[in-house]
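> Here is a sequence together with a model predicted from it:
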Amino acid sequence: MTDPTTPFSRVKVRAGALVFCGDDIALIRRDRPTGSHYTPPGGNVANGEHLIDALRRELAEELRLDLDDATPPELCWIQDQMVTRPGPTPPPRKLHMIFRCHITPEIRAHLATVEYDDLPDGSSEPGIIEWVNYRKAAELPLFPLIGDAVSALDTPRGQAGNPLLSPITDENYTWV
């Protein structure tokens, strides 16, 4: 039996998506005192929830995107995360499942421009939805660490390459 007070003894799965509109991808920018960082829309998969249902829920919550208005999601990358972080709760191990889908400019015009994350104290933190050329992903503080893989795509629909990305550890990432 694992001890829940031990770091990485719990495993969480996060479903995220690179939503493409032409050469641009939707990213959520969070501005913090330590600096800004970007994440693809997505979130944790709830217990008993199907992976695609979680992705559908998260895209609706964060972008106001109905997944039926996009191309079918394609799983591109998986990234394993074991990073210590501040706070009283031991960090979980997290498996990031990164999908890709495409939308039209007409759909993009109706999507959210701000997303709000609920915080433990009951407040919320705004995240700005930015559309960024996918080739610039490697230049951004992007989490999970998918920027190089995204930028390496020949085209927005190009081959994603090896689906298993290098793990995220304390050696290559500092929690912000």
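Structure received. Note that the structure is predicted; figures quoted are calculated from it, not measured.

> In this model residue 143 seems to touch residue 137, though I could be wrong.
No. Residue 137 lies out of contact with residue 143 (Cβ atoms under 8 Å); the separation is 11.5 Å. Yep, even glycine has a C-beta here, placed from its N, CA and C like the rest.

> Now do the strands in this protein.
11-21, 24-32, 35-39, 42-44, 74-82, 93-102, 114-118, 124-133, 168-169 (DSSP state E).

> Between these, which shows the greatest average number of neighbours?
strand 11-21 (a mean of 22; mean count of other Cβ atoms under 10 Å).

> What average pLDDT does that one get?
Strand 11-21 shows a mean pLDDT of 97 in the predicted model.

> Direction included, what does it pair up with?
Strand 11-21 has its sheet partners listed here by DSSP bridges as strand 24-32 (antiparallel), strand 42-44 (antiparallel), strand 93-102 (parallel).

> and the closest residue to residue 80 other than its chain neighbours, how many neighbours does it have?
Take residue 80 and drop its neighbours on the chain: the residue closest to it by Cβ to Cβ, 6 or more residues apart in numbering is residue 167, 4.3 Å away. If you count neighbours by other Cβ atoms under 10 Å, residue 167 ends up with 16.
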